[in-house]
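J.: take a look and give me a structure for this.
(chains A and B)
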Amino acid sequence: AQSVTQLGSHVSVSEGALVLLRCNYSSSVPPYLFWYVQYPNQGLQLLLKYTTGATLVKGINGFEAEFKKSETSFHLTKPSAHMSDAAEYFCAVGGEYGNKLVFGAGTILRVKS
Amino acid sequence: DTGVSQNPRHKITKRGQNVTFRCDPISEHNRLYWYRQTLGQGPEFLTYFQNEAQLEKSRLLSDRFSAERPKGSFSTLEIQRTEQGDSAMYLCASSLARELFFGEGSRLTVL
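T.: This next block holds a predicted model:
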């Protein structure tokens, strides 16, 4: 079985500050890891993914994440927050047969001006 | 637009009525997934299809829920005898490999 824990249901940063959203996973198979972003009343948009290879992955809108197997983590970062980054972010793990994704509970990012 | 399409986007119904949602996946994708999302929660897996075969169903999918993908293209999710607890966003996603592409969702409100 797989599971995801996102630490912090709400994160607030100032515009221009570092964004750090935490994700820890549990998986009995080599994991595939994803970050999705959701704006109000919309579906989920993929930010970035780790499947195999390089453990530091870059995504859209300046976001990146690092897969750390020893820490079972896949934290999302962005050097400088923008007002348009305010949204809800979901970490997800896959890799089991059928590749259904298991999602965390989400972190709402607020960006203060 | 060649993304995942879901209809209707919003549905308000009275308790006890039946509702049906439709999902049109990205055309070349062979896998299709249904998820449910309630307020303050992440999406929860309901079921998935590979082509027309329904290969896995979650325990969340009670016998009032049924999903089909008759020709391996579009899919429907039907909820019979709706209950207030069914109020949620129902998300459809399709996939060809590891990445899931999501539609905009169908929001159900049961009064």
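
J.: residue nearest the centroid of chain A?
T.: The structure's chain A has its C-alpha centroid closest to A:Trp35; by C-alpha atoms, centre = their mean the separation is 3.4 Å.

J.: is that residue bridged to anything, and to what?
T.: A:Leu48, A:Cys91 (DSSP bridges).

J.: how far away is it from A:Ser84?
T.: 16 Å (C-beta to C-beta, to the nearest Å). (Glycine included, C-beta is placed from N, CA and C.)

J.: got a pLDDT number for whichever residue of chain A sits closest to chain B?
T.: Nearest to chain B, among the residues of chain A, is A:Phe103, at 3.5 Å (C-beta to the nearest C-beta). pLDDT for A:Phe103: 96.

J.: equivalent analysis for the one 10 residues further on, please.
T.: A:Ser113 is assigned a pLDDT of 92 by the prediction.

J.: same deal with B:Asp24?
T.: The predicted structure lists B:Asp24 with a pLDDT of 97.

J.: am I right that it is in contact with B:Lys71?
T.: No. Counting by C-beta atoms under 8 Å, B:Asp24 sits too far from B:Lys71 to count as a contact (11.9 Å).

J.: chain B contacts on chain A?
T.: A:4, A:9, A:32, A:34, A:36, A:41-46, A:49, A:51, A:90, A:92, A:94, A:98-106 (C-beta under 8 Å from any C-beta of the partner chain).

J.: filter the residues you listed down to just the buried residues.
T.: Neighbour counting over the residues of chain A next to chain B (16 or more other C-beta atoms under 10 Å in any protein chain shown) leaves A:4, A:32, A:34, A:36, A:43-44, A:46, A:49, A:51, A:90, A:92, A:94, A:99-104, A:106 as the buried ones.

J.: please tell me how far the residue nearest to the centre of chain A sits from B:Ser5.
T.: Using C-beta to C-beta, A:Trp35 is found at 24 Å from B:Ser5.

J.: contacts only, for residue 106.
T.: Just so you know, I chose chain A. With contact set as C-beta atoms under 8 Å, 6 or more residues apart in numbering or on different chains, A:Gly106 has these partners: A:Gln6, A:Ser9, A:Gln38, A:Glu88, A:Tyr89, A:Phe90, B:Gly40, B:Gln41, B:Gly42.

J.: wrong one, chain B
T.: B:Ser106 neighbours (C-beta under 8 Å, 6+ apart): B:Gln6, B:Asn7, B:Pro8, B:Arg9, B:His10, B:Lys11, B:Phe21, B:Met89, B:Tyr90, B:Cys92.
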